[in-house]
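> coordinates only, sequence not included:
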């Protein structure tokens, strides 16, 4: 499994793509595979604020309901409305159409604490071996 080089990753399996002061956030390919078919996504409201590691969304799959955690503190500036009617985008295209929210970060330096693609790849390999 290969993870996009233009993303950073959390230990809870979220990805972040940061551009021009805004972070796009979703769950990784590994996370969606572990969940199975996603049948429902509960997203926050536009303008909501979240702290680092605070739950901002829920994903319901055929296997379980899982929380999605905010990778860095920020305010929701856009939500992916398409996921409401088409939650399968999370499975089909987790790094494209399957994104969850866009955040205006309070402190972009928080991203320095996230995992680089090679570090995340190593972590996933260790998890899979357990």
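Received it, and whenever you're ready, just let me know what you need. The structure presented is a predicted model; accordingly, all values stated were derived computationally and were not measured.
> residue contacts, residue 34?
Residue 34 makes contact with residue 13 under the criterion C-beta atoms under 8 Å, 6 or more residues apart in numbering. Every C-beta, even on glycine, is put in place using the N, C-alpha and C of the backbone.
> which stretches of the protein form helices?
29-35, 82-85, 89-92, 117-129 (DSSP state H).
> out of these, which is closest to residue 20?
Residue 20 lies closest to helix 117-129 among those, at 20.7 Å (C-beta to C-beta).
> who are the packing partners of that closest one?
strand 8-9 (3 or more C-beta pairs under 8 Å, 6 or more residues apart in numbering; DSSP states H and E).
> let me know whether residue 14 touches residue 25 as I believe.
Yes: using C-beta atoms under 8 Å as the test, residue 14 is close enough to residue 25 to be in contact (5.8 Å).
> so for those two, which sits in the more crowded spot?
Neighbours around residue 14 and residue 25, counted as other C-beta atoms under 10 Å, are more numerous at residue 25. The numbers are 26 against 22.
> dump the residue contacts of that one.
When contacts are counted by C-beta under 8 Å, 6+ apart, residue 25 touches 14-16, 68, 70-71, 99-103.
> re the thing from before, which residues are in contact with each of residue 14 and residue 25?
Counting by C-beta under 8 Å, 6+ apart, the residues touching both residue 14 and residue 25 are 68, 71.
> any idea how far residue 6 is from residue 63?
According to C-beta to C-beta, to the nearest Å, residue 6 and residue 63 sit 29 Å apart.
> so what's the residue count around residue 39?
Neighbours of residue 39 under the rule other C-beta under 10 Å: 14.
> wait, it sits on residue 59?
No: the criterion here is C-beta under 8 Å, and residue 39 misses it with residue 59 at 9.0 Å.
> what is in contact with these two at once?
Residues touching both residue 39 and residue 59 comprise residue 87, with contact defined as C-beta under 8 Å, 6+ apart.
> wait, residue 52 touches residue 103, no?
No: counting by C-beta under 8 Å, residue 52 sits too far from residue 103 to count as a contact (10.8 Å).
> neighbour-wise, which of these two wins?
A side-by-side neighbour count of residue 52 and residue 103, using other C-beta under 10 Å, places residue 103 first with 27 against 16.
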